[in-house]
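*Asks:* need coordinates for the below:
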Amino acid sequence: MQWGTQSKGGGGDNIFVDKAKIIDANITYGEKKNWQTYADDISIELTLDVGKDFNPTMYIGGKFKSDDVSGLIVGWGTAFKTKLFFDAIKRPISLDKTKTVAQTRLPEGANDIVKGNEFLRLTYKSTKTKADGSNRWKEWQETRSVDTNIDSFKKDFKNSVTNNWVKDFLAPGTSVPFDTDDTYADGMPL
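*Replies:* Sure, this is the predicted structure:
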């Protein structure tokens, strides 16, 4: 016997929510990964314990919204996912709108502060397929606290699918044309 995980899954909806514990974190700024078209202003790469015999990695990143003239940050932009992550681990952060993107950094020691924290992560079945024809499972970059209602988290994801912010979700019963993409660099899809 072994301990199970807090995986709440599928029920045929191709969406799974697991509790993840952070083993390690690497926070970078403006660093373009090999699989990216452009660099995110902030990125967090996590190594996770999800109660399995392997430790998956998860990437969360985005760009801040900034004023074209002054260069000052005016909003979260796509980096809002990083705010959601810190909210999920109960370490809320706020933006300093008197700074530029290059000046914006998390408090000292943030890599170590996140270790050991837990959050909910959502994975979904993608329309993208592997060489063997099976569908890929991808992580949604949005996270929630462990006390979040699982159905509410799934509803937020489905809303993102409806709004076309998530474009590769495989809805149950959907037929997918061949879309094999096995291109990987540094463990991340291109």
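
*Asks:* tell me what whichever helix in the chain runs longest is packed against?
*Replies:* For the chain, the longest helix by residue count, based on DSSP state H, is helix 150-162. Helix 150-162 is packed against strand 15-28, strand 118-129, strand 135-144, with contacts defined by 3 or more CB pairs under 8 Å, 6 or more residues apart in numbering; DSSP states H and E. C-beta: built from backbone N, CA, C; applies to glycine.

*Asks:* now that helix against strand 15-28, angle please.
*Replies:* 80 degrees (axes from the mean of the first three to the mean of the last three CA atoms, to 10 degrees).

*Asks:* what mean pLDDT does helix 150-162 get?
*Replies:* Helix 150-162 shows a mean pLDDT of 95.

*Asks:* would you point out which residue is most central in this structure?
*Replies:* Nearest to the geometric centre of the chain sits Gln141, at 1.8 Å (CA atoms, centre = their mean).

*Asks:* residues in contact with it?
*Replies:* Tyr59, Ile60, Gly61, Gly62, Lys81 (CB atoms under 8 Å, 6 or more residues apart in numbering).

*Asks:* okay if I get the residues you listed as JSON lines plus distance to Phe119?
*Replies:* JSON lines is the format used below for those (distance: CB to CB, whole Å):
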{"residue": "Tyr59", "distance to Phe119": "14"}
{"residue": "Ile60", "distance to Phe119": "10"}
{"residue": "Gly61", "distance to Phe119": "16"}
{"residue": "Gly62", "distance to Phe119": "17"}
{"residue": "Lys81", "distance to Phe119": "12"}
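
*Asks:* which members of these are positioned in strands?
*Replies:* Counted as lying in strands by DSSP state E, out of the contacts of Gln141, are Tyr59, Ile60, Gly61, Gly62.

*Asks:* not counting sequence-adjacent ones, nearest residue to the first one?
*Replies:* Right, the one you point to is Tyr59. Spatially, and ignoring its direct neighbours in sequence, Tyr59 is nearest to Glu45 (5.5 Å; CB to CB, 6 or more residues apart in numbering).

*Asks:* elements contacting the helix or strand hosting Ile73?
*Replies:* Using DSSP states H and E, Ile73 sits in strand 73-75. Here strand 73-75 is seen to pack against strand 65-66 when contacts are counted using 3+ CB pairs under 8 Å, 6+ apart.

*Asks:* how about low-confidence regions in this structure?
*Replies:* Low-confidence segments of the chain (pLDDT under 70): 1-11, 175-190.

*Asks:* about what we covered before: who's in contact with the longest helix of the chain?
*Replies:* By CB under 8 Å, 6+ apart, helix 150-162 touches 8, 13, 15, 17, 120, 122, 124, 140, 142, 144, 166, 169, 171.

*Asks:* go with 6 Å
*Replies:* Here helix 150-162 makes contact (CB atoms under 6 Å, 6 or more residues apart in numbering) with Lys8, Ile15, Val17, Leu122, Trp140, Arg144, Val166, Phe169.

*Asks:* same thing with stretch 114-123?
*Replies:* Taking CB under 6 Å, 6+ apart as the rule, stretch 114-123 contacts 16-22, 25, 88-89, 137, 139-140, 143-144, 146, 148, 157.
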